[in-house]
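Peer 1: missing the sequence, but the structure's below:
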């Protein structure tokens, strides 16, 4: 009886050791937080999810200036489904459409597109701009902000706000060929 109980204990210990050794290492609390917050703002298209890393802020002169990231980090997509915003304390307020003139002069034409927000988690929301789903509406918006045909010089900005601070996350939408 004791011998059988010992064998069962040894087998159980061996199985537990194999499971522990085969499992991936657990993330520390800091690493887990970093992994979750790696992409707090994500642009979802029909085929992919693109993190929006670059953002601009409005300067006192009325122009936008990129304050985090760079021009080369601004994605160009073929379509927009929705945005996932999980930056605690920041809420999406709309989408701004403008030409690259907004980076140079406060007189640049711009249009604000309303968004619809749906909570998907404790501090995460999904934001959808219906006008960005219609190619004709996108072309109309480009004409309204005086972007030449083709739209290579147009920018779209997801606007996030936290109190008195506002960030503009830029992206481009490729013109249909």
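Peer 2: Perfect, I can see it now. Because the structure is a prediction, the values reported are computed rather than measured. Numbers count the residues shown, from 1 in each chain.
Peer 1: okay, CA-based contacts and neighbour counts for the rest of this
Peer 2: Noted.
Peer 1: Could you list the single helix or strand in this protein with the lowest mean pLDDT?
Peer 2: Scoring the helices and strands of the chain by mean pLDDT, DSSP states H and E places helix 29-36 at the bottom, with a mean of 40.
Peer 1: which residues of this structure fall in helices?
Peer 2: 2-22, 29-36, 135-144 (DSSP state H).
Peer 1: least reliable of those going by mean pLDDT?
Peer 2: Lowest mean pLDDT of the helices of the chain: helix 29-36, a mean of 40.
Peer 1: neighbours of the nearest residue to residue 97 once chain neighbours are set aside, just the number please.
Peer 2: Leaving out its chain neighbours, the residue that sits closest to residue 97 by C-alpha to C-alpha, 6 or more residues apart in numbering is residue 156, at 4.6 Å. Other residues near residue 156 number 23, with proximity taken as other C-alpha atoms under 10 Å.
Peer 1: Which residues are in contact with the closest residue in space to residue 102 that isn't next to it in sequence?
Peer 2: Distances taken as C-alpha to C-alpha, 6+ apart put residue 108 closest to residue 102, at 5.2 Å, once the chain neighbours are dropped. Contact analysis of residue 108 by C-alpha atoms under 8 Å, 6 or more residues apart in numbering lists 98-99, 101-102, 145.
Peer 1: Do you have the strands of the protein handy? List them.
Peer 2: For the chain, the strands defined by DSSP state E occupy 41-44, 49-51, 55-58, 64-68, 76-77, 82-85, 91-99, 110-113, 116-119, 125-128, 154-162, 165-173.
Peer 1: Could you dump these into CSV and include distance to residue 141 and mean pLDDT?
Peer 2: Shown next, in CSV, are the strands of the chain (distance: least, C-alpha to C-alpha, whole Å; pLDDT from 0 to 100):
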stretch, distance to residue 141, mean pLDDT
strand 41-44, 20, 94
strand 49-51, 23, 94
strand 55-58, 21, 94
strand 64-68, 19, 93
strand 76-77, 16, 92
strand 82-85, 18, 95
strand 91-99, 7, 94
strand 110-113, 7, 94
strand 116-119, 18, 95
strand 125-128, 17, 95
strand 154-162, 10, 94
strand 165-173, 12, 94
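Peer 1: how about those strands, which one is nearest residue 135?
Peer 2: strand 165-173 (9.7 Å; C-alpha to C-alpha).
Peer 1: other SSEs contacting the closest one?
Peer 2: Using 3 or more C-alpha pairs under 8 Å, 6 or more residues apart in numbering; DSSP states H and E, the elements in contact with strand 165-173 are strand 55-58, strand 76-77, strand 154-162.
Peer 1: Next, format the ones you listed as TSV and append distance to residue 40.
Peer 2: Below are the helices and strands packed on strand 165-173 laid out as TSV (distance: least, C-alpha to C-alpha, whole Å):
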stretch	distance to residue 40
strand 55-58	13
strand 76-77	18
strand 154-162	12
